[in-house]
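S.K.: Here is a sequence with its predicted model. Questions after.
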Amino acid sequence: MTNDASTQNVALAGHLLDHYAGRIARSRRPYILGLSGLQGSGKSTLARMMKAEAESRGWATDVLTLDDFYYPRSEREALAREVHPLLRTRGVPGTHEIELLLSVLAALPQASEKLPVTWPRFDKGRDTRIPPSRWPKVARPPKLVILEGWALGLRPQLQAALETPVNTLEREEDPDSRWRRWVNKQLRAYQPLWRKLDALIVLQAPNWDVVRRWRGEQEEVLLARHAPLAMDAEAMVRFLAHFERLSRHALATLPALADSVVEYDDDRHVTGLAHA
């Protein structure tokens with residue numbers, strides 16, 4: 001991260017926490033703040049900086065990442081056999097263990113040394129969860145929980161919107177729309193989780209083409225490090241095709257559902273910040 005980007009994120013983290021400070025302070029249970037952004041938008045970095053800033057204010061804070069609740073590879077292989085081959089790839093609704101995430105959120109207010117709360121960590125390099133012995137453990141109730149993820153707050157599409165493929169992947173590998181209809185139906189099961197959020201912050205990218213570029217830049221860094229399962233350009237195009245439909249849907253609909261919207265330009269500079 002450049003110094004300019006770091007400075008911007010520190011300032012943004014402070015501003016967002018200033019805006020929600022009164023609500024966080026008054027809450028009698030952990031305040032759950034959702035941070036929604038498409039791939040490459042910098043939500044994980046911002047969440048870390050918000051945690052550091054919140055703890056400097058004396059608020060015990062935990063960050064949960066929707067990505068950590070992906071089903072292990074073995075369970076996605078089962079979905080691929082039983083439902084549709086495209087479900088082998090992690091990411092779309094239906095590939096997260098939402099019930100586990102809900103149980104973690106329910107347990108955090110009672111966290112103690114006798115009843116510590118743990119949750120998974122997903123290793124994207126190996127495409128499965130790390131061993132439970134290495135999962136995060138919390139032994140005190142947090143004042144603030146930041147939940148970050150790429151589809152937070154998203155509502156299902158209308159059935160009519162599912163009929164026309166948005167890319168080659170859907171046209172050639174989901175010609176009868178079975179996969180996208182199943183994914184859209186699974187998104188309904190995420191709505192109880194969204195209702196747990198006390199507020200939703202959306203990091204709004206300019207458009208889908210910019211999101212693809214941002215995510216590709218991240219993968220180039222992994223390739224340079226020779227990271228396990230890092231994708232070349234062709235593999236990245238196919239991977240992102242799984243997300244295109246709902247990413248375009250998120251760009252079009254999430255700002256109207258958000259409590260705060262942070263707008264970015266093509267180079268991730270903040271160009272606007274609005275609160276509902």
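M.R.: Ah, there it is. As the structure is a prediction and not an experimental result, all values here were calculated from the model.

S.K.: C-alpha from now on. contacts and neighbour counts both.
M.R.: Noted.

S.K.: which strands and helices sit next to the helix-or-strand element of the chain with minimal mean pLDDT?
M.R.: Using mean pLDDT, DSSP states H and E, the weakest-scoring helix or strand in the chain turns out to be helix 208-224, at a mean of 82. In terms of contacts (3 or more CA pairs under 8 Å, 6 or more residues apart in numbering; DSSP states H and E), helix 208-224 is packed against helix 233-257.

S.K.: in the helix it packs on, what counts as buried?
M.R.: Buried positions in helix 233-257, judged by neighbour count with 16 or more other CA atoms under 10 Å: 236, 239-247, 249-251, 254-255.

S.K.: continuing past that helix, what's the next helix or strand?
M.R.: On the C-terminal side of helix 233-257, the nearest following helix or strand under DSSP states H and E is strand 260-264.

S.K.: how about that next one: buried residues?
M.R.: By neighbour count on 16+ other CA under 10 Å, the buried set for strand 260-264 is S260, V261, V262, E263, Y264.

S.K.: Given it, what are its sheet partners and their directions?
M.R.: Strand 260-264 pairs in its sheet with strand 199-204 (parallel), strand 270-275 (antiparallel), by DSSP bridges.

S.K.: can you list the residues that contact the last one?
M.R.: In this case it means strand 270-275. Here strand 270-275 makes contact (CA atoms under 8 Å, 6 or more residues apart in numbering) with Q8, D259, S260, V261, V262, E263, Y264, D265.

S.K.: Using PDB, list the CA coordinates for that strand.
M.R.: C-alpha atoms of strand 270-275 as PDB (Å, rounded to 0.1, in the frame of the first residue of the first chain):
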ATOM      1  CA  VAL A 270     -12.100   8.500  -2.300                       C
ATOM      2  CA  THR A 271     -14.300  11.000  -4.300                       C
ATOM      3  CA  GLY A 272     -17.400  11.100  -2.100                       C
ATOM      4  CA  LEU A 273     -18.800  10.100   1.300                       C
ATOM      5  CA  ALA A 274     -22.500  10.200   2.100                       C
ATOM      6  CA  HIS A 275     -24.600   9.100   5.100                       C
END
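
S.K.: quick check: angle from that strand to helix 233-257?
M.R.: 40 degrees (axes from the mean of the first three to the mean of the last three CA atoms, to 10 degrees).

S.K.: Any buried residues in strand 270-275, and which?
M.R.: V270, L273.

S.K.: how far out from the middle of the chain is it?
M.R.: 20 Å (CA atoms, centre = their mean, to the nearest Å).

S.K.: and if you look at stretch 94-108?
M.R.: The chain centroid and the centroid of stretch 94-108 are separated by 14 Å, computed with CA atoms, centre = their mean.

S.K.: Could you list the buried residues of that stretch?
M.R.: Buried residues in stretch 94-108, counted by 16+ other CA under 10 Å: G94, T95, H96, E97, I98, L101, V104, L105, A107, L108.

S.K.: average model confidence for that stretch?
M.R.: In this model, stretch 94-108 has a mean pLDDT of 98.

S.K.: same thing with stretch 122-130?
M.R.: In this model, stretch 122-130 has a mean pLDDT of 90.

S.K.: Give me the distance from that stretch to the chain's centre.
M.R.: 16 Å.

S.K.: cool, stretch 18-31 as well?
M.R.: With CA atoms, centre = their mean, you get 22 Å for stretch 18-31.

S.K.: Only the buried residues of that stretch, if you could.
M.R.: Neighbour-count burial for stretch 18-31, counted by 16+ other CA under 10 Å, picks out I24, P30, Y31.

S.K.: Secondary structure and distance to R57 added to these, as TSV?
M.R.: Putting the buried residues of stretch 18-31 into TSV (DSSP: H, G, I helix; E, B strand; the rest coil; distance: CA to CA, whole Å) gives the following:
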residue	secondary structure	distance to R57
I24	helix	11
P30	coil	15
Y31	strand	15
